[in-house]
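A.B. asks: coords below, sequence missing:
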């Protein structure tokens, strides 16, 4: 839990997709200042020598009003107001971005306390369409009796569950695309780039369909938008962002075992447990089936399909935690499930007070492939290294397209080339068959 200081480039080993890399850039950063840097030829320059190399902190707060509840939003606002009540630390700039079916920037790279607090105050009065939304389906279908026969109830339940998942994917996809656009917009910012996303990951619903054993035997159930969240993590790393996800609703679950084992276990165990283990809707006891694919019949699995069931809400509760955690960890960040936003933000900012900036030159350029990264400390088994774990090497054309799309969504006014468009009087010689156009 304490930062390790005084390490040099020789202490680190970087492996990209199985290939050892040569460290070309190395700096030790403390309180936004490079206390020492080491060049590729081994020349070391220290801040004590009169060379002041500032590494500013660009922090972007992303509010997902499309999926959050009003109480969760207000909890986040209160925490940030407390955090910045006494001002913005030197060398830090703050941006506040809001998404509710449209992207809006309330604060853009400000180091002024008043502007940040005014932006948070404005956020309180946004009448977001998604703040208290529900996934609307015919809830009466949830009472349809289940049998082992392909009767009307079976088909109605299957259709209802399918509609639920489709709407779920659509909502998550909109938020995910907004996150990608936000990162594309701020990817040109100087210094350490940090994105704090206030989002539950999935839309919360008071009602979720129930899957019975017969459903598992007839169709596999997949996490919605798992690929999208993986893409967010990889592209965040490629653009140089450390991503932190914050769910201000805290640890809530219809199943006690979800809280006790879902978060404290490893991410892989959480995913495996969520997929392969059932929980009955009434007793919370684990059911007997071993895989969503299952054997060829419910009798072979020893299951009574009229008794064993799992409410989809329990799956989604674990699924969203897994995705929030794994996405953040892929960038070297972390996920927080807490109502104490100020404490979580202090934890995040304290982890940014001291770190090492290590670079290497890859042999590939914009090939669009995903590359895994391992960073090791030799002969230091008691030290824990936190770093981005993978990135996608995006082609230059893709990055340019993302930046353009981001500006279109935000309505940005950046114009570094000074380009302007002038509309003159219409001329009939350019009509092309559309008179008067």
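C.D. replies: Now that the structure is in, tell me what you want to look at. In this text, all values refer to a predicted model and were calculated from it rather than measured experimentally.
A.B. asks: Give me the below-cutoff pLDDT ranges for the stretch 301-437 of the chain.
C.D. replies: 301-316, 411-414, 426-437 (pLDDT under 70).
A.B. asks: and what of the stretch 1-150 of the chain?
C.D. replies: Applying pLDDT under 70 to the stretch 1-150 of the chain picks out residues 47-52, 129-150.
A.B. asks: which residues of it fall in helices?
C.D. replies: With helices called from DSSP state H, counting those that start in this stretch, the stretch 1-150 of the chain shows them at 70-83, 113-124.
A.B. asks: Any idea which of those helices gets closest to residue 238?
C.D. replies: Nearest to residue 238, of all these, is helix 70-83, at 27.1 Å by CB to CB. For the C-beta atoms, the positions are set from N, CA and C on the backbone; glycine is no exception.
A.B. asks: Give me the buried positions along that closest one.
C.D. replies: 72, 73, 75, 76, 77, 78, 79, 80, 81, 83 (16 or more other CB atoms under 10 Å).
A.B. asks: got it, and stretch 346-358?
C.D. replies: For stretch 346-358, a neighbour-count test (16+ other CB under 10 Å) marks 348, 349, 351, 352, 355, 356, 358 as buried.
A.B. asks: Could you do stretch 408-422 as well?
C.D. replies: By neighbour count on 16+ other CB under 10 Å, the buried set for stretch 408-422 is 409, 410.
A.B. asks: quick one: terminal-to-terminal distance for it?
C.D. replies: Chord length of stretch 408-422, first to last residue, is 19 Å (CA to CA, to the nearest Å).
A.B. asks: what do you get for stretch 6-14?
C.D. replies: One end of stretch 6-14 sits 18 Å from the other (CA to CA).
A.B. asks: if I look at residue 175, how far off is residue 393?
C.D. replies: Using CB to CB, to the nearest Å, we find residue 175 at a distance of 25 Å from residue 393.
A.B. asks: the more surrounded of these two?
C.D. replies: Each of residue 175 and residue 393 has its neighbours counted (other CB atoms under 10 Å); residue 175 has more, 28 against 16.
A.B. asks: Could I get the buried residue list for the helix or strand that that one is a member of?
C.D. replies: In this structure, residue 175 sits in helix 152-186 according to DSSP states H and E. Using 16+ other CB under 10 Å as the test for burial, helix 152-186 gives 154, 157-158, 160-161, 163-165, 167-169, 171-172, 174-186.
A.B. asks: Can you name every helix or strand that the next helix or strand after that helix contacts?
C.D. replies: Next in sequence after helix 152-186, counting helices and strands by DSSP H and E, comes strand 192-198. On a contact count with 3 or more CB pairs under 8 Å, 6 or more residues apart in numbering; DSSP states H and E, strand 192-198 meets strand 57-64, helix 70-83, helix 152-186, strand 241-247, helix 341-351.
A.B. asks: Partner strands of strand 192-198, with direction?
C.D. replies: Sheet pairing of strand 192-198 (DSSP bridges) gives strand 57-64 (parallel), strand 241-247 (parallel).
A.B. asks: relative to helix 70-83, how tilted is that strand?
C.D. replies: With axes from the mean of the first three to the mean of the last three CA atoms, to 10 degrees defining the directions, strand 192-198 sits at 140 degrees from helix 70-83.
A.B. asks: Residue 332 is in contact with residue 241, correct?
C.D. replies: No - look at residue 241 against residue 332 with CB atoms under 8 Å: they stay out of range, at 9.4 Å.
A.B. asks: So for the two, which residue has more residues nearby?
C.D. replies: More neighbours surround residue 241 than the other of residue 241 and residue 332, with 27 against 21 (other CB under 10 Å).
A.B. asks: pLDDT at that one, what is it?
C.D. replies: Model confidence at residue 241, given as pLDDT, is 95.
A.B. asks: Now do the same contact list for it.
C.D. replies: Residues near residue 241 by CB atoms under 8 Å, 6 or more residues apart in numbering: 183, 187, 193, 194, 195, 331.
A.B. asks: wait, which of these is closest to residue 343?
C.D. replies: Among those, residue 194 lies closest to residue 343 (CB to CB), at 17.1 Å.
A.B. asks: Just list whatever residues bridge to the closest one.
C.D. replies: Under the criterion used (DSSP bridges), residue 194 bridges to residue 59, residue 242.
A.B. asks: Quick one: residues contacting it.
C.D. replies: Contact partners of residue 194, counting by CB under 8 Å, 6+ apart, are 57, 58, 59, 60, 241, 242, 243, 244, 333, 348, 352.
A.B. asks: now residue 40: how far from residue 380?
C.D. replies: In terms of CB to CB, residue 40 sits 23 Å off from residue 380.
A.B. asks: now swap in residue 358 and tell me
C.D. replies: Going from residue 358 to residue 380 by CB to CB gives 15 Å.
A.B. asks: before we move on, what about residue 396?
C.D. replies: Residue 396 sits 38 Å away from residue 380, taking CB to CB as the criterion.
A.B. asks: Comparing those two, which residue is more hemmed in?
C.D. replies: Counted by other CB under 10 Å, residue 396 and residue 380 do not tie: residue 380 has more neighbours, with 13 against 9.
A.B. asks: Just to check, the more buried one is in contact with residue 12?
C.D. replies: No - counting by CB under 8 Å, residue 380 does not reach residue 12; the two are 10.0 Å apart.
A.B. asks: Okay, now the sheet partners of the helix or strand where residue 372 lies, with direction.
C.D. replies: Using DSSP H and E, residue 372 maps to strand 370-377. If you go by DSSP bridges, strand 370-377 pairs up with strand 12-16 (antiparallel), strand 390-392 (antiparallel).
A.B. asks: contacting residues around that strand?
C.D. replies: Contacts for strand 370-377 (CB under 8 Å, 6+ apart): 7, 11-18, 234, 358, 362, 364, 383, 385, 387-393.
A.B. asks: go with 6 Å
C.D. replies: Applying CB atoms under 6 Å, 6 or more residues apart in numbering, the contact partners of strand 370-377 are 11, 13-17, 234, 383, 385, 387, 389-390, 392.
A.B. asks: was I right about residue 116 contacting residue 94?
C.D. replies: Yes - using CB atoms under 6 Å, residue 116 makes contact with residue 94 at a distance of 5.1 Å.
A.B. asks: Please identify every residue contacting each of these two.
C.D. replies: Common contact partners of residue 116 and residue 94 (CB under 6 Å, 6+ apart): residue 110.
A.B. asks: helix, strand or coil for the closest residue to residue 395 other than its chain neighbours?
C.D. replies: Among residues not flanking residue 395 along the chain, residue 366 sits closest, at 3.9 Å (CB to CB, 6 or more residues apart in numbering). Three-state assignment for residue 366 (DSSP: H, G, I helix; E, B strand; the rest coil): coil.
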